[in-house]
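Peer 1: Structure of the sequence below:
(chains A and B)
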Amino acid sequence: MDFPALLQWIEASRLATTIRESLLLFPLLESIHVIGLSLVFGTIAIIDLRLLGAASSERPFKRMASDVLKWTWAAFALTALTGSLMFITNASVYYHNFYFRSKMLLLILAGINMLSFELTLGRTAHRWDNTRSAPPAGRVVAVLSLAIWISVVFAGRLIGFTTSRAKQAAPAATDTSLEELFHK
Amino acid sequence: MKQFAQWLSTTFLSVFIQNHNSWVIPAIQSIHIVGIAIVLGSVFMIDLRILGWAGMDQTLRQTTRRFGPWLTGALWLMLATGILMVIGEPVRELITFSFWLKMFLVAVGTLIAVIFLGAVRRHEQYWEEIGEKRQAIKWLAVITFLIWACIIILGRLIAYDHVWGAWSPAEKA
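Peer 2: Model (predicted):
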(Lines give C-alpha, C1' and ligand atoms only; values in the text may rest on other atoms or scores of the structure.)
Protein backbone atom coordinates (compact mmCIF):
# COMPACT_ATOMS: atom_id res chain seq x y z
CA MET A 1 0.00 0.00 0.00
CA ASP A 2 1.48 3.37 -0.97
CA PHE A 3 1.32 6.36 1.31
CA PRO A 4 -1.61 8.32 -0.24
CA ALA A 5 -3.63 5.10 -0.17
CA LEU A 6 -2.74 4.64 3.49
CA LEU A 7 -3.95 8.16 4.28
CA GLN A 8 -7.21 7.48 2.45
CA TRP A 9 -7.63 4.19 4.26
CA ILE A 10 -7.19 6.05 7.59
CA GLU A 11 -9.80 8.60 6.56
CA ALA A 12 -12.24 5.89 5.57
CA SER A 13 -11.86 4.01 8.86
CA ARG A 14 -14.88 3.71 11.07
CA LEU A 15 -13.34 5.84 13.84
CA ALA A 16 -12.51 8.69 11.42
CA THR A 17 -15.98 8.52 9.86
CA THR A 18 -17.71 8.60 13.24
CA ILE A 19 -15.80 11.74 14.29
CA ARG A 20 -16.32 13.41 10.91
CA GLU A 21 -20.05 12.80 10.85
CA SER A 22 -20.66 13.87 14.45
CA LEU A 23 -21.71 17.44 15.10
CA LEU A 24 -20.05 17.55 18.51
CA LEU A 25 -17.02 15.22 18.45
CA PHE A 26 -14.63 17.35 16.40
CA PRO A 27 -15.22 20.59 18.37
CA LEU A 28 -14.89 18.57 21.58
CA LEU A 29 -11.58 17.05 20.42
CA GLU A 30 -10.35 20.55 19.52
CA SER A 31 -11.34 21.81 22.98
CA ILE A 32 -9.58 18.98 24.82
CA HIS A 33 -6.59 19.57 22.54
CA VAL A 34 -6.50 23.22 23.69
CA ILE A 35 -6.86 22.19 27.36
CA GLY A 36 -3.98 19.72 26.90
CA LEU A 37 -1.71 22.15 25.08
CA SER A 38 -2.45 24.85 27.66
CA LEU A 39 -1.12 22.55 30.37
CA VAL A 40 1.83 21.50 28.19
CA PHE A 41 2.83 25.08 27.44
CA GLY A 42 1.97 26.37 30.92
CA THR A 43 4.07 23.76 32.72
CA ILE A 44 6.98 23.90 30.24
CA ALA A 45 7.07 27.68 30.61
CA ILE A 46 7.38 27.23 34.41
CA ILE A 47 10.55 25.15 33.89
CA ASP A 48 11.93 27.44 31.16
CA LEU A 49 11.45 30.53 33.33
CA ARG A 50 13.20 28.71 36.19
CA LEU A 51 16.16 27.92 33.88
CA LEU A 52 16.28 31.60 32.90
CA GLY A 53 16.16 32.67 36.54
CA ALA A 54 13.07 34.74 35.74
CA ALA A 55 10.73 32.96 38.19
CA SER A 56 10.92 30.43 41.05
CA SER A 57 14.66 31.10 41.09
CA GLU A 58 14.87 30.31 44.80
CA ARG A 59 13.53 26.76 44.30
CA PRO A 60 15.94 23.88 43.53
CA PHE A 61 15.68 23.04 39.82
CA LYS A 62 15.59 19.26 40.18
CA ARG A 63 12.84 19.41 42.76
CA MET A 64 10.75 21.59 40.42
CA ALA A 65 11.39 19.44 37.37
CA SER A 66 10.28 16.26 39.13
CA ASP A 67 7.29 18.14 40.55
CA VAL A 68 6.05 19.61 37.27
CA LEU A 69 7.24 17.56 34.29
CA LYS A 70 5.16 14.46 35.02
CA TRP A 71 2.07 16.63 34.49
CA THR A 72 3.60 17.99 31.29
CA TRP A 73 3.95 14.46 29.93
CA ALA A 74 0.42 13.49 30.94
CA ALA A 75 -0.93 16.63 29.23
CA PHE A 76 1.25 15.96 26.18
CA ALA A 77 -0.20 12.45 25.88
CA LEU A 78 -3.71 13.93 25.97
CA THR A 79 -2.78 16.52 23.34
CA ALA A 80 -1.14 13.94 21.07
CA LEU A 81 -4.15 11.62 21.36
CA THR A 82 -6.72 14.31 20.53
CA GLY A 83 -4.43 15.66 17.79
CA SER A 84 -4.20 12.22 16.19
CA LEU A 85 -7.97 11.79 16.32
CA MET A 86 -8.42 15.12 14.54
CA PHE A 87 -5.75 14.17 11.99
CA ILE A 88 -7.43 10.93 10.91
CA THR A 89 -10.70 12.70 9.99
CA ASN A 90 -9.00 14.46 7.09
CA ALA A 91 -5.58 12.80 6.91
CA SER A 92 -4.56 13.56 3.32
CA VAL A 93 -5.52 17.24 3.62
CA TYR A 94 -3.59 17.68 6.87
CA TYR A 95 -0.64 15.72 5.53
CA HIS A 96 -0.25 18.13 2.61
CA ASN A 97 -0.94 21.26 4.67
CA PHE A 98 2.07 23.56 5.04
CA TYR A 99 1.28 24.55 8.65
CA PHE A 100 0.66 20.96 9.70
CA ARG A 101 4.08 19.99 8.36
CA SER A 102 5.66 23.03 10.00
CA LYS A 103 4.05 22.11 13.30
CA MET A 104 5.33 18.52 13.14
CA LEU A 105 8.82 19.84 12.34
CA LEU A 106 8.61 22.25 15.27
CA LEU A 107 7.55 19.40 17.59
CA ILE A 108 10.60 17.42 16.46
CA LEU A 109 12.80 20.48 17.11
CA ALA A 110 11.23 20.83 20.58
CA GLY A 111 12.10 17.17 21.22
CA ILE A 112 15.69 17.60 20.04
CA ASN A 113 16.02 20.76 22.15
CA MET A 114 14.74 18.92 25.22
CA LEU A 115 16.99 15.89 24.62
CA SER A 116 20.07 18.05 24.14
CA PHE A 117 19.34 19.52 27.58
CA GLU A 118 18.53 16.23 29.30
CA LEU A 119 21.67 14.52 27.99
CA THR A 120 24.03 17.33 29.01
CA LEU A 121 23.06 19.89 31.65
CA GLY A 122 20.19 17.77 32.92
CA ARG A 123 22.71 15.16 34.06
CA THR A 124 24.82 17.68 35.96
CA ALA A 125 21.83 19.52 37.44
CA HIS A 126 23.01 18.71 40.99
CA ARG A 127 25.92 21.13 40.39
CA TRP A 128 23.74 24.16 39.57
CA ASP A 129 20.52 23.06 41.25
CA ASN A 130 20.46 25.99 43.69
CA THR A 131 21.86 28.77 41.50
CA ARG A 132 19.42 31.49 40.48
CA SER A 133 19.58 30.54 36.81
CA ALA A 134 20.96 27.64 34.76
CA PRO A 135 24.37 27.85 33.04
CA PRO A 136 24.29 29.78 29.70
CA ALA A 137 23.58 26.67 27.59
CA GLY A 138 20.54 25.96 29.77
CA ARG A 139 19.25 29.48 29.27
CA VAL A 140 19.64 29.11 25.49
CA VAL A 141 17.61 25.87 25.65
CA ALA A 142 14.93 27.68 27.68
CA VAL A 143 14.61 30.56 25.19
CA LEU A 144 14.49 28.10 22.26
CA SER A 145 11.87 26.03 24.08
CA LEU A 146 9.61 29.04 24.69
CA ALA A 147 10.02 30.24 21.08
CA ILE A 148 9.36 26.78 19.61
CA TRP A 149 6.28 26.10 21.71
CA ILE A 150 4.75 29.51 20.96
CA SER A 151 5.38 28.78 17.26
CA VAL A 152 3.67 25.41 17.69
CA VAL A 153 0.55 27.21 18.95
CA PHE A 154 0.59 29.64 15.99
CA ALA A 155 1.12 26.83 13.45
CA GLY A 156 -1.67 24.81 15.06
CA ARG A 157 -4.14 27.67 14.82
CA LEU A 158 -3.17 28.26 11.18
CA ILE A 159 -3.88 24.60 10.34
CA GLY A 160 -7.50 25.25 11.33
CA PHE A 161 -7.63 28.34 9.15
CA THR A 162 -6.13 26.68 6.08
CA THR A 163 -7.85 23.30 6.11
CA SER A 164 -11.37 24.73 6.59
CA ARG A 165 -12.74 21.67 8.34
CA ALA A 166 -14.64 24.03 10.63
CA LYS A 167 -16.21 25.97 7.79
CA GLN A 168 -17.62 22.83 6.19
CA ALA A 169 -19.27 21.77 9.42
CA ALA A 170 -20.68 25.16 10.40
CA PRO A 171 -23.92 26.38 8.86
CA ALA A 172 -23.76 29.55 6.80
CA ALA A 173 -25.56 31.60 9.46
CA THR A 174 -22.56 31.71 11.82
CA ASP A 175 -20.27 32.78 8.99
CA THR A 176 -22.19 35.93 8.09
CA SER A 177 -19.94 38.12 5.97
CA LEU A 178 -19.82 41.88 5.91
CA GLU A 179 -21.50 42.08 2.52
CA GLU A 180 -24.41 39.99 3.69
CA LEU A 181 -24.86 42.34 6.63
CA PHE A 182 -25.06 45.40 4.46
CA HIS A 183 -27.66 43.77 2.24
CA LYS A 184 -29.93 42.95 5.20
CA MET B 1 -27.14 43.16 20.30
CA LYS B 2 -27.40 42.39 16.61
CA GLN B 3 -27.49 46.11 15.79
CA PHE B 4 -24.52 46.70 18.06
CA ALA B 5 -22.60 43.86 16.41
CA GLN B 6 -23.40 45.25 12.98
CA TRP B 7 -22.37 48.77 13.99
CA LEU B 8 -19.15 47.42 15.52
CA SER B 9 -18.34 45.61 12.29
CA THR B 10 -18.35 48.94 10.43
CA THR B 11 -15.84 50.68 12.76
CA PHE B 12 -12.34 51.43 11.51
CA LEU B 13 -10.51 48.85 13.64
CA SER B 14 -13.01 46.14 12.75
CA VAL B 15 -12.73 46.84 9.03
CA PHE B 16 -8.93 46.82 9.33
CA ILE B 17 -8.97 43.39 11.02
CA GLN B 18 -11.46 42.05 8.47
CA ASN B 19 -9.33 43.29 5.58
CA HIS B 20 -6.25 41.59 7.00
CA ASN B 21 -8.08 38.61 8.46
CA SER B 22 -5.86 35.98 6.84
CA TRP B 23 -3.12 36.69 9.37
CA VAL B 24 -4.49 39.13 11.99
CA ILE B 25 -7.24 36.86 13.31
CA PRO B 26 -5.12 33.68 13.57
CA ALA B 27 -2.37 35.76 15.22
CA ILE B 28 -4.74 37.27 17.82
CA GLN B 29 -6.30 33.85 18.45
CA SER B 30 -2.84 32.32 18.94
CA ILE B 31 -1.87 34.99 21.48
CA HIS B 32 -5.23 34.35 23.17
CA ILE B 33 -4.32 30.63 23.37
CA VAL B 34 -0.86 31.38 24.80
CA GLY B 35 -2.73 33.54 27.34
CA ILE B 36 -5.12 30.76 28.37
CA ALA B 37 -2.13 28.42 28.64
CA ILE B 38 -0.60 30.77 31.24
CA VAL B 39 -3.96 31.12 33.02
CA LEU B 40 -4.69 27.37 33.06
CA GLY B 41 -1.08 26.52 33.93
CA SER B 42 -1.16 28.93 36.90
CA VAL B 43 -4.58 27.75 38.12
CA PHE B 44 -3.37 24.16 37.71
CA MET B 45 -0.24 24.65 39.84
CA ILE B 46 -2.15 26.47 42.60
CA ASP B 47 -4.87 23.79 42.56
CA LEU B 48 -2.29 20.97 42.67
CA ARG B 49 -0.71 22.68 45.69
CA ILE B 50 -4.10 22.88 47.45
CA LEU B 51 -4.71 19.19 46.66
CA GLY B 52 -1.21 18.32 47.89
CA TRP B 53 -0.19 16.80 44.55
CA ALA B 54 2.64 19.21 43.65
CA GLY B 55 4.74 22.02 45.10
CA MET B 56 4.69 20.61 48.63
CA ASP B 57 8.14 22.09 49.31
CA GLN B 58 6.42 25.49 49.04
CA THR B 59 3.79 27.08 51.29
CA LEU B 60 0.43 28.00 49.78
CA ARG B 61 1.38 31.68 50.11
CA GLN B 62 4.66 31.08 48.24
CA THR B 63 2.70 29.27 45.52
CA THR B 64 0.13 32.04 45.07
CA ARG B 65 2.90 34.66 45.15
CA ARG B 66 4.67 32.74 42.37
CA PHE B 67 1.62 32.14 40.11
CA GLY B 68 -0.89 34.83 41.12
CA PRO B 69 0.73 37.67 39.15
CA TRP B 70 1.07 35.46 36.05
CA LEU B 71 -2.59 34.49 36.37
CA THR B 72 -3.84 38.07 36.63
CA GLY B 73 -1.36 39.32 34.01
CA ALA B 74 -2.47 36.67 31.52
CA LEU B 75 -6.13 37.48 32.25
CA TRP B 76 -5.47 41.09 31.16
CA LEU B 77 -3.76 39.78 28.02
CA MET B 78 -6.82 37.61 27.32
CA LEU B 79 -9.16 40.55 27.87
CA ALA B 80 -7.18 42.66 25.38
CA THR B 81 -6.95 39.96 22.69
CA GLY B 82 -10.54 38.91 23.40
CA ILE B 83 -11.80 42.47 22.81
CA LEU B 84 -9.82 42.59 19.54
CA MET B 85 -11.46 39.36 18.40
CA VAL B 86 -14.92 40.73 19.20
CA ILE B 87 -14.11 43.91 17.28
CA GLY B 88 -12.73 41.89 14.37
CA GLU B 89 -15.65 39.47 14.13
CA PRO B 90 -18.55 40.99 16.13
CA VAL B 91 -21.33 38.93 14.60
CA ARG B 92 -19.43 35.64 14.87
CA GLU B 93 -18.69 36.30 18.56
CA LEU B 94 -21.63 38.24 20.01
CA ILE B 95 -24.50 36.44 18.31
CA THR B 96 -23.70 33.11 19.93
CA PHE B 97 -24.86 31.26 23.01
CA SER B 98 -21.32 29.91 23.64
CA PHE B 99 -19.84 33.42 23.93
CA TRP B 100 -22.26 34.64 26.62
CA LEU B 101 -22.09 31.43 28.65
CA LYS B 102 -18.30 31.70 28.40
CA MET B 103 -18.37 35.33 29.61
CA PHE B 104 -20.47 34.26 32.60
CA LEU B 105 -17.98 31.53 33.52
CA VAL B 106 -15.04 33.93 32.98
CA ALA B 107 -16.67 36.30 35.49
CA VAL B 108 -17.15 33.45 37.99
CA GLY B 109 -13.61 32.08 37.47
CA THR B 110 -12.01 35.53 37.77
CA LEU B 111 -14.05 36.38 40.87
CA ILE B 112 -12.98 33.14 42.59
CA ALA B 113 -9.34 33.80 41.65
CA VAL B 114 -9.34 37.41 42.89
CA ILE B 115 -11.11 36.57 46.18
CA PHE B 116 -8.90 33.54 46.78
CA LEU B 117 -5.60 35.31 46.02
CA GLY B 118 -6.66 38.21 48.28
CA ALA B 119 -7.72 35.90 51.10
CA VAL B 120 -4.44 33.94 51.05
CA ARG B 121 -2.52 37.24 51.08
CA ARG B 122 -4.43 38.61 54.08
CA HIS B 123 -4.88 35.50 56.21
CA GLU B 124 -1.74 33.56 55.41
CA GLN B 125 -1.69 31.39 58.52
CA TYR B 126 -5.36 30.44 58.30
CA TRP B 127 -5.04 29.31 54.67
CA GLU B 128 -1.78 27.40 55.26
CA GLU B 129 -3.63 25.05 57.60
CA ILE B 130 -7.01 24.96 55.88
CA GLY B 131 -6.06 22.05 53.62
CA GLU B 132 -6.02 19.74 56.63
CA LYS B 133 -9.04 21.31 58.32
CA ARG B 134 -11.56 21.64 55.52
CA GLN B 135 -12.17 19.19 52.72
CA ALA B 136 -14.34 21.76 50.90
CA ILE B 137 -11.32 23.79 49.82
CA LYS B 138 -10.08 20.79 47.82
CA TRP B 139 -13.41 20.60 46.03
CA LEU B 140 -13.14 24.30 45.27
CA ALA B 141 -9.74 23.61 43.68
CA VAL B 142 -11.22 20.91 41.45
CA ILE B 143 -14.26 23.00 40.53
CA THR B 144 -12.08 26.02 39.71
CA PHE B 145 -10.01 23.93 37.32
CA LEU B 146 -13.16 22.56 35.69
CA ILE B 147 -14.56 26.09 35.26
CA TRP B 148 -11.46 27.12 33.29
CA ALA B 149 -11.60 23.89 31.27
CA CYS B 150 -15.25 24.67 30.40
CA ILE B 151 -14.22 28.21 29.43
CA ILE B 152 -11.78 26.71 26.91
CA ILE B 153 -14.45 24.36 25.54
CA LEU B 154 -16.96 27.22 25.19
CA GLY B 155 -14.30 29.40 23.55
CA ARG B 156 -13.85 26.73 20.90
CA LEU B 157 -17.62 26.23 20.57
CA ILE B 158 -18.08 29.87 19.51
CA ALA B 159 -17.03 28.61 16.08
CA TYR B 160 -19.58 25.78 16.30
CA ASP B 161 -22.51 27.49 18.00
CA HIS B 162 -24.99 25.35 16.05
CA VAL B 163 -24.26 22.50 18.48
CA TRP B 164 -26.59 24.32 20.90
CA GLY B 165 -29.50 23.94 18.49
CA ALA B 166 -32.41 26.24 19.34
CA TRP B 167 -30.39 27.92 22.13
CA SER B 168 -28.06 29.44 19.58
CA PRO B 169 -29.22 32.88 18.39
CA ALA B 170 -27.31 32.24 15.15
CA GLU B 171 -29.73 29.40 14.41
CA LYS B 172 -32.73 31.71 14.60
CA ALA B 173 -31.17 34.42 12.46
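
Peer 1: The chain: helices as residue ranges?
Peer 2: Using chain A here. Taking DSSP state H, the helices of chain A run over residues A:3-12, A:14-21, A:25-52, A:61-89, A:91-96, A:98-118, A:125-128, A:136-163, A:165-169, A:178-183.

Peer 1: right idea, wrong chain: chain B
Peer 2: Remark: helices assigned in chain B by DSSP H are B:2-8, B:12-19, B:21-51, B:60-88, B:90-94, B:97-122, B:124-133, B:136-157, B:169-172.

Peer 1: JSON lines for these, including mean neighbour count, distance to chain A and mean pLDDT?
Peer 2: (Each C-beta comes from the backbone N, C-alpha and C, glycine too.) What follows is the helices of chain B, written out as JSON lines (neighbours: other C-beta atoms under 10 Å in any protein chain shown; distance: least, C-beta to the nearest C-beta, whole Å; pLDDT from 0 to 100):
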{"stretch": "helix B:2-8", "mean neighbour count": "14", "distance to chain A": "5", "mean pLDDT": "91"}
{"stretch": "helix B:12-19", "mean neighbour count": "14", "distance to chain A": "6", "mean pLDDT": "91"}
{"stretch": "helix B:21-51", "mean neighbour count": "21", "distance to chain A": "2", "mean pLDDT": "95"}
{"stretch": "helix B:60-88", "mean neighbour count": "18", "distance to chain A": "6", "mean pLDDT": "96"}
{"stretch": "helix B:90-94", "mean neighbour count": "22", "distance to chain A": "5", "mean pLDDT": "90"}
{"stretch": "helix B:97-122", "mean neighbour count": "16", "distance to chain A": "10", "mean pLDDT": "96"}
{"stretch": "helix B:124-133", "mean neighbour count": "13", "distance to chain A": "17", "mean pLDDT": "77"}
{"stretch": "helix B:136-157", "mean neighbour count": "18", "distance to chain A": "4", "mean pLDDT": "95"}
{"stretch": "helix B:169-172", "mean neighbour count": "16", "distance to chain A": "5", "mean pLDDT": "70"}
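
Peer 1: Nearest approach to A:Arg157 belongs to which of the ones you listed?
Peer 2: For the helices of chain B, distance to A:Arg157 was read as C-beta to C-beta. The smallest value, 4.6 Å, belongs to helix B:21-51.

Peer 1: Identify the residues contacting A:Phe41.
Peer 2: When contacts are counted by C-beta atoms under 8 Å, 6 or more residues apart in numbering or on different chains, A:Phe41 touches A:Trp149, A:Ile150, A:Val153, B:Val34, B:Ala37, B:Ile38, B:Gly41.

Peer 1: what's the burial count for the second one?
Peer 2: This means A:Ile150. For A:Ile150, the number of neighbouring residues by other C-beta atoms under 10 Å in any protein chain shown comes to 18.

Peer 1: that older thread, just so I know, which of the helices of chain A lies nearest B:Thr59?
Peer 2: Between the helices of chain A, helix A:61-89 lies closest to B:Thr59; by C-beta to C-beta that is 14.5 Å.

Peer 1: What mean pLDDT does the closest one get?
Peer 2: Within the predicted structure, the mean pLDDT of helix A:61-89 is 96.
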